[in-house]
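Asks: How does the following fold in three dimensions:
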Amino acid sequence: MLNRLTAADRSIVSPIPGTTRDAVDELVERDGHKFRFIDTAGIRRKGKTSLMAEKLSVVMARKHLEDADIALLVIDATEGVSQIDATIAGYAHESGRSVIIIVNKWDLILKGGNQASNQSKAARMRESKRPGDQEAYEYHLRDALKFLSYAPVLFISASIGKGTENIFSVLEQVAAERRKRITTSEMNRFLKYVDFERATVPMKSRVRIYYMTQASVSPPVFVIFTDKKVKLHFSYERFLENQIRKAFGFVGTPIWIKTRASE
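Replies: Got it, this is the predicted structure:
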């Protein structure tokens, strides 16, 4: 995929995960915008390498996430979402990186599969759906990565260049959403129309929200001022986040919500 994005043979190409031993850093200029890509060391599946090597690849991938604004989470379409994929996705989400999910090798799914594991996870993900049904595949993918519900999904075939041209436009969109700032007046107008009675939160965990402001961007952080000095209940936080996304977008980026008790 990096070779397609950079139009150069920067990475060793192999269908075997773990071929790339070191991260590859590349700067690309396109339509007046500069993109810096960091291709992490290949991460092998369990059973394909020693436990120590597997741990090291995950540690290095996590380290390079710290240098990124946006993580392109590449899923092998023929394999589905592995435990390691979910782990790395969790690191990206928890560290406040924006995320775009890239489903690669989609051409093999369209062909009905090739070798080895194609008939296992990929077949189960399609279930009774016709081969190549992106909607069915995405449904199962999102079920495996529920915490990345905000991340856009792209289906590509890097080996033949299919769909890779869409990555740049989505990168620009997500980068803009990551830096988006909502004024305090807008946020408080928004709060007036939120029906908090719809939130499935126990009565003892409910709080009264006086006002709300955006404290920072990249990722967007919102601070709400309440009548109690308590941590916002998970269901309350999720409800509020969903309402913020519905009103303002923030496609591809996690939203952090912090609580402060009003004086």
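Asks: Okay, strands next: where are they in the stretch 151-263 of the chain?
Replies: Assigned by DSSP state E, counting those that start in this stretch, the strands in the stretch 151-263 of the chain fall at 153-155, 209-216, 221-226, 256-261.
Asks: between the third one and strand 209-216, how big is the angle?
Replies: Relative orientation of strand 221-226 and strand 209-216, computed by axes from the mean of the first three to the mean of the last three C-alpha atoms, to 10 degrees: 160 degrees.
Asks: All the strands of the stretch 1-150 of the chain, residue numbers only.
Replies: Going by DSSP E, counting those that start in this stretch, the stretch 1-150 of the chain shows strands at 24-30, 33-39, 70-76, 98-104.
Asks: Point to the residue nearest the middle of this protein.
Replies: The chain has residue 99 as the residue nearest its centroid, 2.8 Å off, counting by C-alpha atoms, centre = their mean.
Asks: what's the nearest residue to residue 37 if we skip its chain neighbours?
Replies: residue 26 (4.9 Å; C-beta to C-beta, 6 or more residues apart in numbering). Every C-beta, even on glycine, is put in place using the N, C-alpha and C of the backbone.
Asks: Residue 217 too?
Replies: Nearest one to residue 217, counting by C-beta to C-beta, 6+ apart, is residue 179 at 5.0 Å.
Asks: How about the contacts made by the residue nearest to residue 37?
Replies: 2, 5, 6, 8, 10, 36, 37, 39 (C-beta atoms under 8 Å, 6 or more residues apart in numbering).
Asks: cool, and residue 197?
Replies: Counting by C-beta under 8 Å, 6+ apart, residue 197 touches no other residue.
Asks: Tell me the spacing between it and residue 163.
Replies: According to C-beta to C-beta, to the nearest Å, residue 197 and residue 163 sit 43 Å apart.
Asks: hmm, back to that, ok, and the closest non-adjacent residue to the residue nearest to the centre of the chain?
Replies: That would be residue 151: by C-beta to C-beta, 6+ apart, it lies 4.2 Å from residue 99.
Asks: residue contacts, the one you found?
Replies: 73, 98, 99, 100, 101, 145, 252.
Asks: got the phi/psi numbers for it?
Replies: With angles defined as degrees, to the nearest 10, residue 151 sits at phi -80, psi 130.
Asks: doesn't residue 207 make contact with residue 229?
Replies: No - contact criterion C-beta atoms under 8 Å: residue 229 and residue 207 do not qualify, at 9.6 Å.
Asks: So those two - more neighbours on which side?
Replies: Per other C-beta atoms under 10 Å, whichever of residue 229 and residue 207 has more neighbours is residue 207, with 20 against 10.
Asks: What are the neighbouring residues in contact with the more buried one?
Replies: If you count contacts by C-beta under 8 Å, 6+ apart, then residue 207 has 226, 227, 228, 230, 232, 236, 259 around it.
Asks: which sections of the stretch 151-263 of the chain are below the confidence cut-off?
Replies: 201-205, 262-263 (pLDDT under 70).
Asks: 90 instead?
Replies: 192-210, 226-239, 259-263 (pLDDT under 90).
Asks: Now do the helices in the protein.
Replies: Here the chain has its helices, by DSSP state H, at 2-6, 51-65, 83-94, 106-110, 121-126, 134-144, 166-178, 184-192, 234-248.
Asks: Alpha carbons of the first one, as CSV, please.
Replies: In other words, helix 2-6. The C-alpha trace of helix 2-6 is given here as CSV (Å, rounded to 0.1, in the frame of the first residue of the first chain):
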residue,chain,number,x,y,z
LEU,A,2,2.8,2.4,0.8
ASN,A,3,4.4,1.7,-2.6
ARG,A,4,1.1,2.7,-4.2
LEU,A,5,0.7,5.9,-2.1
THR,A,6,4.3,7.0,-2.8
